[in-house]
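Participant: Kindly return the folded structure for what I paste below:
(chains A and B)
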Amino acid sequence: MPVLTLPGMLRAALATHRTPPPDPTPARPPVRVPAPRRPADVACPTASALAPIDPDPVPSAGPQAQGDVIVLPWPDFMSPHVRFLHTASAAPVGRAGLVLLDPHTLIAEHGGVFWSWWPDTGPTLGTLVVPAGTVARLGHDTHRDLRIAPGVYALRRQRREVSGRIEMAVD
Amino acid sequence: MTAAAIRSGRLVRVSRVVSDPGNPGGVAALFASRDGARALVAVDGTPGPDGTRPLVCVPVPAHFTDPLAAAAWTYDDEAHPVRCTPGVYALLARRT
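Facilitator: Alright, predicted model coming up:
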């Protein structure tokens, strides 16, 4: 048996090497891997601060805000006479709901709730009366709903100041 | 648009950053532009279609130095018996 030296082993290895036949399948285009997003590409620097969605919140008797509208409970120290004068003319909200400020819509969820428009042209929209045992819902097409517990509330638009002039905010 | 203005330096923060009441994970701060105008910048309480929560920008009077006082002012009505003071705004149970 011949003794193969290192060059001989190399020659033997090269002799057994065959060029592989061409691949009959067509070449596929290279896979494009998207570049990682830089922080500047993210739409909002607080995008990671996501709160869990609460589709059916517990009714609240406290202040709540839905975009450019806020719900403010009347304070307990309001005199009964003032309270009566503001709520006596409130009318029931029908089953179809009432558009307070498009698209903010007031809905009587359980039982009847009552609404009266505020007569001034300022930011206050009106007075909401939610009797005991009922719940009001403020719906919107993009903002999540608010559920309002029994009580008396002022609903008001948000305002802003632009070049020294006060105007209503629109979201 | 607001985030781009902050990144480019057109809006400069002039107050502390505070938690936005009723808005878990949300914050608010006052920013000023080069012409002295001031704006309240806060995180929207409702995620957008892409799941992120955009920034909202509300111009406020230039004398405000506290973002919560400025936020309360935007919802106040001096002619109405129910006022939205900073103390009332701090009690906000929910913002969407």
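Participant: Let me see the ranges of the helices in chain A.
Facilitator: Using DSSP state H, the helices of chain A run over residues A:6-16, A:80-87.
Participant: do chain B as well
Facilitator: Using DSSP H, the helices of chain B run over B:2-8, B:67-74, B:86-89.
Participant: where does residue 52 land on pLDDT?
Facilitator: Just so you know, I chose chain A. Looking at A:P52, its pLDDT reads 51.
Participant: hm, I was asking about chain B
Facilitator: So B:T52 comes in at 90 (pLDDT).
Participant: so how far is B:S8 from it?
Facilitator: 20 Å (Cβ to Cβ, to the nearest Å). The way it works is simple: take the backbone N, C-alpha and C, and place the C-beta from them, glycine included.
Participant: In terms of neighbours, single out the busier of these two.
Facilitator: B:T52 (19 against 8; other Cβ atoms under 10 Å in any protein chain shown).
Participant: How many neighbouring residues does the residue nearest to A:P75 when sequence neighbours are not counted have?
Facilitator: For A:P75, ignoring the flanking residues on the chain, the nearest one in space by Cβ to Cβ, 6 or more residues apart in numbering or on different chains is B:V82 at 7.0 Å. Residues contacting B:V82 under the criterion other Cβ under 10 Å number 20.
Participant: Could I get the phi/psi values of B:V82?
Facilitator: phi -100, psi 110 (degrees, to the nearest 10).
Participant: circling back: would you list the helices of chain B in a markdown table and tack on distance to chain A and mean pLDDT?
Facilitator: Below are these laid out as a markdown table (distance: least, Cβ to the nearest Cβ, whole Å; pLDDT from 0 to 100):
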| stretch | distance to chain A | mean pLDDT |
| --- | --- | --- |
| helix B:2-8 | 6 | 88 |
| helix B:67-74 | 5 | 98 |
| helix B:86-89 | 6 | 97 |
